[in-house]
Structures are given as C-alpha cells and as structure tokens.
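Novice: sharing a model that was predicted from the sequence below.
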Amino acid sequence: MVTINIDGKSVEVLEETTILKAAEQAGVWIPTMCHSEHLEPYGVCRLCSVEVVRGKRSRIVTACNFPVRGGMTIHTNSKKVQWLRQVIMELMLSRWPRVRVVKEMAERLAVKEPRFPSLERDEAEDACILCGMCVNMCNDVVKAGVLGFAHSGIKREVVLPFDERSDSCIVCGACAHVCPTGHIKVILEDYRGKKPEFTLGPKTPIYVPTLQAVPRVPVIDAESCIHFETGGCEICAKVCEPNAIDYSMQDEIVEIEVGQVLVSTGFDLFDASAMAQYGYGRLDNVYSSLEFESILNSTGPTGGKIVMKSGKEPKAVGIIHCIGSRDTNHHAYCSRVCCMYALKFAHLVRDRTDAAIYQFYIDMRAFGKGYEEFYNRLLDEGVTMIRGKAAEVVEGCWQGNGEPSLKIRCEDTLIGKFREVPVDMVVLCNAIEPRRDSDAVRRLFSISKSPDGFFLERHPKLDPTSTATEGVFIAGCAQGPKDIPDTVAQAGSAAARILSVIAKGEVEIEPVRAMVQEEYCSGCKICNNLCPYIAIEFLEEKKVSHVNEALCKGCGTCVAACPSSAMTGHGFTDAQILAELDGLMI
C-alpha cells in the first residue's frame with residue numbers, strides 16, 4: 001500500500017493502481033471519454049490528464065494508465081490541466097458539435113464555443129469521435145480483429161478490412177456496447193409473425209435460465225459465447241470472485257447405480273404453427289401461452305408491461321382456448337390447465353391495462369378448489385366470455401383511425417351468430433403433449449404408454465404412480481396433463497412409495513418368474529431379445545442365459561419361445577408338473 005495526495009486528500013491505495021482508480025476511491029472526478037473497465041487504458045482522449053508532482057519535478061500524465069507511487073502529489077484541476085482540457089474540448093466541439101457526449105462534456109468543463117473551425121467538421125449526432133474503444137474491444141477482448149484504423153491525422157477513421165463486411169465478424173455487438181456516441185449500432189432485421197428469441201427476452205451468453213431455476217446458478221451458452229467463437233473475452237471469469245467459471249469443462253455422462261427411478265420428464269407445448277388459421281408464426285402480436293407468460297413476468301423482456309411489437313399498449317386482447325386440445329385432428333384429450341391459466345391471463349391483463357378482454361372457449365372447465373369462484377370473479381371484472389371455437393385469426397383495422405389490428409372470427413354458440421372481434425393481441429392456449437423423446441424413455445425403462453402418448457400407470461385409480469416395471473414410478477405431466485397441485489401430490493406419493501421400499505431394506509418379489517435350466521440352454525439368445533422387462537442377460541463365460549429374478553414378472557414370453565425348453569417357469573418345470581399329476585392319480 002502507498003499513500004498519495006489527490007487535490008489535498010490523503011489516500012492509501014495499492015501500488016500500481018492507476019491515478020484514475022485512486023481518484024475514484026478518493027471521490028475526485030476526472031473526465032475521460034475513452035475509458036472502459038473491459039479495455040486496457042491508453043489515454044487517447046487526453047481529457048484525463050492531471051498534473052503529477054514528485055519531489056521537485058512536475059509533469060502532465062494521463063490518469064487512466066499512469067500508476068501511483070508513494071509520496072506522489074496529484075493536481076486534477078490545476079490551471080495547466082484546466083487549460084489543456086479546455087483546448088481539447090474546443091477541438092472536439094469544433095469537429096463534432098452535435099454529438100451528445102461531446103456537448104455534455106464541454107458543458108461540464110465550461111466550454112461553450114470553440115475559437116477555431118475544423119476542416120473535418122461532422123454535423124451528425126452519432127458521429128464517430130475516434131476514441132478507438134470499438135477497435136480495442138474487437139482486437140484485444142473479442143480477438144476477432146475485424147475493426148481497425150485507416151489513414152492518420154485529421155483523416156483518421158475506423159474501417160472494416162477493405163471496406164467490406166468480414167466473415168471474421170461474429171456479430172457479438174461488443175463494439176456497439178462500448179461506443180459512446182452510438183455511431184456503431186446493432187440493427188435488428190424486422191420480422192413478421194414468429195418472434196426471434198431476443199425480442200421475447202434478450203439473454204447474454206451467460207445467464208440464469210429463470211429466477212425460479214433449481215439450482216439457481218448461471219449457465220453458459222457455448223454456441224453464442226465469444227470465448228468459444230474466438231478464444232477471447234473471458235470477462236465473466238475475470239469478475240467472478242469465487243473463480244467458478246471453467247471454460248474447459250465438457251458435457252459428460254455420469255452413470256449412477258440406483259434401485260428405483262421416478263420418471264418426471266414433463267411435457268412439450270403444442271406448436272401452434274401447425275394450425276395456420278390462427279396466424280402463429282405468420283402474424284404479428286400472436287403469442288403462445290408460454291411467450292405471453294414471459295411478457296407478464298416482472299423479470300421478463302418488458303418488465304411485466306403488456307405491450308405490442310410497436311411498443312404500444314393493446315386496446316383489446318383475445319385469448320383462444322384449446323389450441324390443439326379436444327381436436328380430433330391433433331389431440332383428442334383435454335389439457336386440463338388451459339382454462340385456468342387463460343383466466344389468470346385475463347385477470348393480469350385487466351389489472352395492468354385498460355384493454356378489453358375476450359375469452360373464446362369450447363367449455364369452461366373450472367374443476368378445482370376455488371376455480372369456479374375465480375371464474376365468477378372474472379365475469380364481475382368485465383371479461384367477455386364467448387362460447388365457441390375460434391375459426392381463424394386474420395388481419396384487419398380499427399374503425400375510425402384505420403390502425404392495423406387482428407380479427408378473430410368465431411361462432412358464438414350461446415347467441416347462435418357468427419362474430420368478428422377486433423383485437424390488437426392474440427394469446428393461444430397451446431395443448432400439453434408428450435415429450436418428443438418419450439418413446440426412447442419408454443423403451444429405456446420398459447414402460448408402456450397410453451393411446452395419447454403419455455406414460456401408462458399400473459392402475460389409474462388404485463396405483464396412479466407406479467408402472468408395470470417394478471421400481472419405476474411416474475409423476476407429473478409425464479403421466480398425463482395436470483396442474484401444479486396435482487403434480488405435487490402425485491410426486492409426493494411417488495416419493496413416499498420409493499422411501500417406503502428403502503426403509504424396509506429388502507424387497508418382496510413375485511413367486512411367478514422364469515428360470516433357466518442351464519444344462520439345456522444352447523445360448524441362442526432368443527429369449528434375451530424377446531423379454532419386455534430386460535430381465536434376461538447372457539453370461540459370456542458360461543455361454544448361457546440368466547434371469548434376473550428381481551426384474552422378471554413371469555409373463556411367460558421367454559418360456560413359450562425357447563426352442564430347447566431350457567426356459568421354464570419357476571416351480572412349473574415338466575418334472576414338477578408330472579409329479580403333481582402322479583400324486584393326483586395315486
């Protein structure tokens with residue numbers, strides 16, 4: 001530690017700390033227009049110049065990259081420094097008179113008008129002031145090496161190689177992030193219909209999936225991380241105090257030996273673009289239920305504000321139920337949760353906006369505790385309920401001002417009329433459907449599935465958590481569509497079943513099972529491929545098959561298929577059956 005004096009203030013700082021950092025610690029402001037925490041300082045703007053006195057020697061240095069020494073006295077606002085900064089600001093104000101950061105800095109340094117004209121005057125409000133931060137960011141941090149300086153003197157400018165877009169540019173936007181004037185911009189191409197991810201919630205390559213994530217730790221998206229593209233950046237590792245970031249980590253498969261498994265793989269959301277009549281992926285302001293939930297979230301892309309693509313608040317919102325549910329062309333079953341979260345959406349829209357709200361439903365299934373009361377509350381709040389399946393969503397315009405809108409065409413079955421309802425925003429209540437990999441999971445655990453594609457329980461009423469495979473349990477939407485309370489109840493039941501087996505310490509198995517008479521087994525492996533419970537293994541050293549008694553359910557498939565009659569039911573060998581017959585005949 002060294003002690004220095006800054007404008008009469010005594011400050012103790014680490015040796016090699018820059019004067020700019022030491023001044024910040026002392027609460028002394030030093031102007032700068034080319035400094036960034038992410039870049040190696042190089043003092044190009046010269047506005048951070050200060051006067052340093054050590055012994056009998058006095059000199060002007062740039063504060064952003066000059067280290068402190070013991071016994072140093074620093075004057076940040078001496079007459080010499082003031083004159084230097086004012087001259088620099090006059091030169092900048094003369095060349096870039098309309099740039100906001102230049103005008104603000106000039107005002108702060110008491111510079112009103114330059115005393116001389118510039119031969120390279122640029123009237124643009126977002127003109128490049130040649131601070132070089134974009135160049136240093138691209139070359140030193142990102143390590144893409146796309147940006148550089150061309151020419152010298154007053155002709156100096158930031159350019160691309162050969163003035164053409166380079167394939168080395170990874171469009172990371174780091175240059176735009178550090179540009180103080182907005183001269184470099186990341187321009188989003190206009191979209192229509194389906195919303196790019198960044199419009200529904202911009203994410204950096206390192207992010208926490210959701211605030212409710214368990215465990216709540218950040219993850220790195222290797223496909224968009226600058227480090228994995230160019231080998232540069234590593235800013236997150238530098239600022240992480242516990243040193244928890246390891247770029248060399250690889251995905252790995254860990255094998256864990258367990259006795260029981262709880263399958264709770266969740267669900268997929270029905271892709272509403274398969275029903276083109278509703279305009280999802282084709283029309284603006286048509287959202288799926290999860291996308292609208294993200295908008296409503298206070299930590300979402302709009303901070304919980306309900307706005308359209310244009311940024312305006314909608315005048316009317318339409319919520320369409322049963323998209324893909326109760327439809328013989330897609331899923332004949334009811335997804336159970338749609339009615340209630342649609343009512344929740346309506347309540348939140350009513351609470352946060354003045355928009356008119358329309359619910360288009362087939363049947364309102366408010367079956368749970370307090371659900372019917374909530375439905376009646378929405379009616380009292382003025383939400384319009386239209387019974388009838390919406391036919392299509394088309395483009396339209398509002399009468400009077402001609403502003404573009406959407407129109408929902410439907411038949412209102414309660415009044416027996418066809419209706420066209422103008423809205424600004426449409427929310428689609430997508431069906432819950434089995435996971436795409438459910439077939440692979442089913443084969444892995446030797447469990448069955450019902451006709452709707454969800455995993456099949458042993459008994460729908462008496463045993464809804466276990467499966468036909470011993471030790472494999474199911475819970476949540478893996479077994480079928482259900483809401484959070486039902487999922488929690490089923491998961492708790494399955495966990496209790498698992499713990500009860502663990503507590504006993506031993507497992508009772510069914511007496512009916514298959515067995516191999518090894519002296520007759522030819523090692524043909526026919527039974528190995530036929531067993532639906534994967535209970536038969538082949539012993540290479542003996543060249544015979546062996547039955548795992550804990551897994552076998554005694555279905556008899558292997559017994560019927562064995563060509564040498566080596567596979568038989570335990571307690572039901574030919575000799576035992578003949579002995580029983582002899583006993584009966586005597």
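Specialist: Arrived safely.
Novice: what comes up buried for stretch 547-560?
Specialist: 547, 551, 552, 553, 554, 555, 557, 558, 559 (16 or more other C-beta atoms under 10 Å). In short, each C-beta sits where N, CA and C put it, glycine included.
Novice: again with stretch 341-356
Specialist: For stretch 341-356, the neighbour count (16+ other C-beta under 10 Å) marks 341, 342, 343, 345, 346, 347, 348, 349, 350, 353, 355, 356 as buried.
Novice: tell me the mean pLDDT for that stretch?
Specialist: Averaged over stretch 341-356, pLDDT sits at 95.
Novice: neighbours of residue 85, how many?
Specialist: By the criterion of other C-beta atoms under 10 Å, residue 85 has 23 neighbours.
Novice: residues in contact with it?
Specialist: Taking C-beta atoms under 8 Å, 6 or more residues apart in numbering, we find residue 85 in contact with 31, 47, 49, 109.
Novice: just to be sure, it is in a strand?
Specialist: No - looking at residue 85 with DSSP: H, G, I helix; E, B strand; the rest coil, it is helix, so not inside a strand.
Novice: just the closest of the contacts of residue 85 to residue 305, please.
Specialist: Using C-beta to C-beta, residue 31 is the member of those that lies nearest residue 305, at 36.4 Å.
Novice: thought residue 107 was touching the closest one, still the case?
Specialist: No - applying C-beta atoms under 8 Å, one finds residue 31 not in contact with residue 107, separated by 11.5 Å.
Novice: these two: which is more packed in?
Specialist: Legend: neighbour count by other C-beta under 10 Å for residue 31 and residue 107, higher for residue 31 (17 against 12).
Novice: where does the stretch 51-200 of the chain dip in pLDDT?
Specialist: The model of the stretch 51-200 of the chain has pLDDT under 70 over residues 188-191, 193-200.
Novice: again, only using 50
Specialist: Applying pLDDT under 50 to the stretch 51-200 of the chain flags residues 198.
Novice: strands of that one, residue ranges please.
Specialist: Applying DSSP state E, counting those that start in this stretch to the stretch 51-200 of the chain gives strands spanning 57-62, 73-75, 148-150, 157-159.
Novice: in the second one, what's buried?
Specialist: Read that as strand 73-75. Neighbour counts over strand 73-75 (16+ other C-beta under 10 Å) mark 74, 75 as buried.
Novice: so which residues make contact with that strand?
Specialist: Applying C-beta under 8 Å, 6+ apart, the external contacts of strand 73-75 come out as 4-7, 19, 22-23, 50-54, 63, 68, 81.
Novice: so which of the residues you listed sit within helices?
Specialist: 19, 22, 23, 81 (DSSP state H).
Novice: now, the most widely separated pair of these?
Specialist: Within the ones in helices among the contacts of strand 73-75, two members stand farthest from each other by C-beta to C-beta: 22 and 81, at 16.0 Å.
Novice: the more surrounded of the two?
Specialist: Between residue 22 and residue 81, counted using other C-beta under 10 Å, residue 22 has the larger neighbour count: 24 against 19.
Novice: now do the domain split for the protein, please.
Specialist: Using automatic domain parsing, the domain parsing of the chain gives 2-77, 269-433, 438-504, 514-585.
Novice: confirm that residue 322 sits in a strand.
Specialist: Yes - assignment of residue 322 by three-state DSSP places it within a strand.
Novice: now for it, how many residues are close by?
Specialist: By other C-beta under 10 Å, 24 other residues sit near residue 322.
Novice: in space, what's closest to it - neighbours in sequence excluded?
Specialist: The spatial neighbour of residue 322 that comes closest, neighbours along the chain excluded (C-beta to C-beta, 6 or more residues apart in numbering), is residue 362 at 5.3 Å.
Novice: any regions of this protein where pLDDT drops low?
Specialist: In the chain (pLDDT under 50), the answer is 198.
Novice: centre-most residue in it?
Specialist: For the chain, the residue sitting closest to the mean C-alpha position, by C-alpha atoms, centre = their mean, is residue 209 at 4.7 Å.
Novice: and that residue, how far from residue 221?
Specialist: Residue 209 sits 10 Å away from residue 221, going by C-beta to C-beta, to the nearest Å.
Novice: for residue 256, same thing?
Specialist: Going from residue 256 to residue 221 by C-beta to C-beta gives 26 Å.
Novice: and those two? Which one has more around it.
Specialist: Remark: of residue 256 and residue 221, residue 221 carries more neighbours, 12 against 4, as counted by other C-beta under 10 Å.
Novice: shouldn't that one be in contact with residue 205?
Specialist: Yes - counting by C-beta under 8 Å, residue 205 is a contact partner of residue 221 at 4.8 Å.
Novice: would you agree residue 317 falls within a strand?
Specialist: Yes - assessed by three-state DSSP, residue 317 belongs to a strand.
Novice: what residues does it make contact with?
Specialist: Counted by C-beta under 8 Å, 6+ apart, residue 317 has contacts 306, 346, 349, 353, 355-358, 423-427.
Novice: from those residues, which land in strands?
Specialist: The strands, defined by DSSP state E, take in 356, 357, 358, 423, 425, 426, 427 from these.
Novice: please work out how many residues are found near residue 450.
Specialist: When neighbours are counted by other C-beta under 10 Å, residue 450 registers 14.
Novice: state the distance from the closest residue in space to it that isn't next to it in sequence to residue 530.
Specialist: With sequence-adjacent residues excluded and distances taken as C-beta to C-beta, 6+ apart, residue 450 is closest to residue 456, at 4.8 Å. Distance, residue 456 to residue 530, using C-beta to C-beta: 20 Å.
Novice: helices along the stretch 451-586 of the chain, start to end?
Specialist: Ranges of helices in the stretch 451-586 of the chain, per DSSP state H, counting those that start in this stretch, are 484-504, 526-530, 557-561, 574-585.
Novice: need the CA coordinates for the third one. CSV is fine.
Specialist: The C-alpha trace of helix 557-561 is given here as CSV (Å, rounded to 0.1, in the frame of the first residue of the first chain):
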residue,chain,number,x,y,z
THR,A,557,-42.9,-64.9,-23.3
CYS,A,558,-39.4,-66.4,-23.0
VAL,A,559,-40.8,-69.8,-21.9
ALA,A,560,-43.0,-70.1,-24.9
ALA,A,561,-40.2,-69.0,-27.3
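Novice: show me what it is packed up against.
Specialist: Here helix 557-561 touches helix 526-530, strand 567-569, going by 3 or more C-beta pairs under 8 Å, 6 or more residues apart in numbering; DSSP states H and E.
Novice: how about the longest one?
Specialist: Packed against helix 484-504, as judged by 3+ C-beta pairs under 8 Å, 6+ apart, are the following elements: strand 261-263, strand 472-474.
Novice: cool, the last one as well?
Specialist: Using 3+ C-beta pairs under 8 Å, 6+ apart, no helix or strand is in contact with helix 574-585.
Novice: what comes into contact with that helix?
Specialist: 565, 568.
Novice: put the alpha carbons of it into CSV.
Specialist: As requested, the backbone C-alpha atoms of helix 574-585 are provided in CSV (Å, rounded to 0.1, in the frame of the first residue of the first chain):
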residue,chain,number,x,y,z
ASP,A,574,-42.1,-80.5,-16.5
ALA,A,575,-40.8,-82.8,-13.7
GLN,A,576,-42.7,-80.9,-11.1
ILE,A,577,-45.9,-80.9,-13.1
LEU,A,578,-45.6,-84.7,-13.8
ALA,A,579,-45.0,-85.3,-10.1
GLU,A,580,-48.2,-83.4,-9.2
LEU,A,581,-50.1,-85.5,-11.7
ASP,A,582,-48.7,-88.6,-10.3
GLY,A,583,-49.8,-87.5,-6.8
LEU,A,584,-53.3,-86.9,-8.0
MET,A,585,-53.5,-90.3,-9.8
